[in-house]
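> no FASTA, just this:
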């Protein structure tokens, strides 16, 4: 999958920007607050209809404007160029793909697949269980064909059971929804475990001989897992009635990352955490490509921050060798402009973007690049 062209209107300080990326490496550089991350954010929005920086779309829409629009041409997995675009206001969302109106975010996320290596990913280690479940759910959606439907079925039954917990209800009413929860809970748990086993294999390939290759992935054990889930729900019913909600189950699951028996977030420094989650993102992209034949677009924001030159060089080599379209942001392009790949540079300043296409074998000398405003 490749992004052939992108037009962004009224996303943060990007009033009207058009770029034509190349199929390999695209470096977006400029000072802080220039609009670099907003450009990556726009690609992410085109896929997932939400920002990776805030849950509030009004913070993304340009000040004093009512809507944002993002459009582009995507070359799909069959190498067919397809027009797609989104329009968002505070209250409305419109999605179009190949001339058709798309009804669900999940469908568009499957049309435009992106994999992110962004600072916010450190929540996979440092955040609360909900952050890790959210990370897992998005990853599983692309890998397991039946995951989304199973997840929806489980949560539908969960909502109905929770409603019963808050009013007088008969045992047979509970049994209907508890049975549905038990059936889908087993499927969810199995799919999650299998995914983590597969992901760990690809993570080790990405990590190579790095000391952090020995991180062990797993689902944190909970008391409900020690017995049949249906029996557990029935036994926990009175306790859940007092609480007013279902206190345990796959909707409360947590993912563990351990090294030498210790939780990774208690061992890793901030730089090591960033290295780990970046390698994790590359592993996820590799898994998608090899196991499912889906080649994502990779977005890497502020890759060089908090990492030494050797680590940055290692990560760049890992990213480049996967041969996926890559978008990187940085303040100083010379920090990452050291590749035999075809590279396009995009300079962002005060929300305006200038582009110069560079081929590694014929780089301009003395920084006299020809720049064209787009």
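Good, I have the coordinates. Bear in mind the structure is a predicted one, so any value in this text is a computation, not a measurement. Numbers count the residues shown, from 1 in each chain.

> Check which helices and strands the longest helix along the chain sits against.
In the chain, taking DSSP state H as the definition, the longest helix is helix 171-207. If contacts are counted by 3 or more CB pairs under 8 Å, 6 or more residues apart in numbering; DSSP states H and E, helix 171-207 sits against helix 129-143, helix 147-165, strand 216-219, helix 229-235, helix 270-292. The C-beta positions use only the backbone N, C-alpha and C, and glycine is treated the same way.

> Would you mind pulling the contact partners of stretch 44-51?
Outside stretch 44-51, the residues that touch it by CB atoms under 8 Å, 6 or more residues apart in numbering are 6, 11, 41, 52, 57, 59-60, 68, 70-72, 84-86, 88, 93, 95, 105, 108-109, 111-114, 116, 138, 299.

> What ranges in this protein fall below the confidence cut-off?
Counting by pLDDT under 70, the chain has low-confidence residues at 226-227, 337-341, 357-374.

> Out of all residues in it, which is the farthest from the middle?
Residue farthest from the centre of the chain, counting by CA atoms, centre = their mean, is residue 170 at 42.1 Å.

> Give me the distance between it and residue 247.
Using CB to CB, to the nearest Å, residue 170 is found at 21 Å from residue 247.

> Now the buried members of the contacts of stretch 44-51.
Among the contacts of stretch 44-51, the ones that count as buried by 16 or more other CB atoms under 10 Å are 6, 11, 41, 52, 57, 60, 68, 70-72, 84, 86, 88, 95, 108-109, 111-114, 116, 299.

> just to revisit the earlier point, between the longest helix of the chain and helix 147-165, how many degrees?
Here the directions of helix 171-207 and helix 147-165 differ by 140 degrees (axes from the mean of the first three to the mean of the last three CA atoms, to 10 degrees).

> Using the three-state scheme, assign residue 65.
At residue 65, secondary structure determined by DSSP: H, G, I helix; E, B strand; the rest coil is coil.

> Could you tell me how many residues sit around it?
Neighbourhood size, residue 65 [other CB atoms under 10 Å]: 12.

> now it: how far from residue 56?
Using CB to CB, we find residue 65 at a distance of 15 Å from residue 56.

> same deal with residue 105?
16 Å.

> For residue 344, give its distance to residue 24.
Distance, residue 344 to residue 24, by CB to CB: 8 Å.

> Give me the more crowded residue out of the two.
A count of neighbours by other CB under 10 Å puts residue 344 above the other of residue 344 and residue 24, at 20 against 17.
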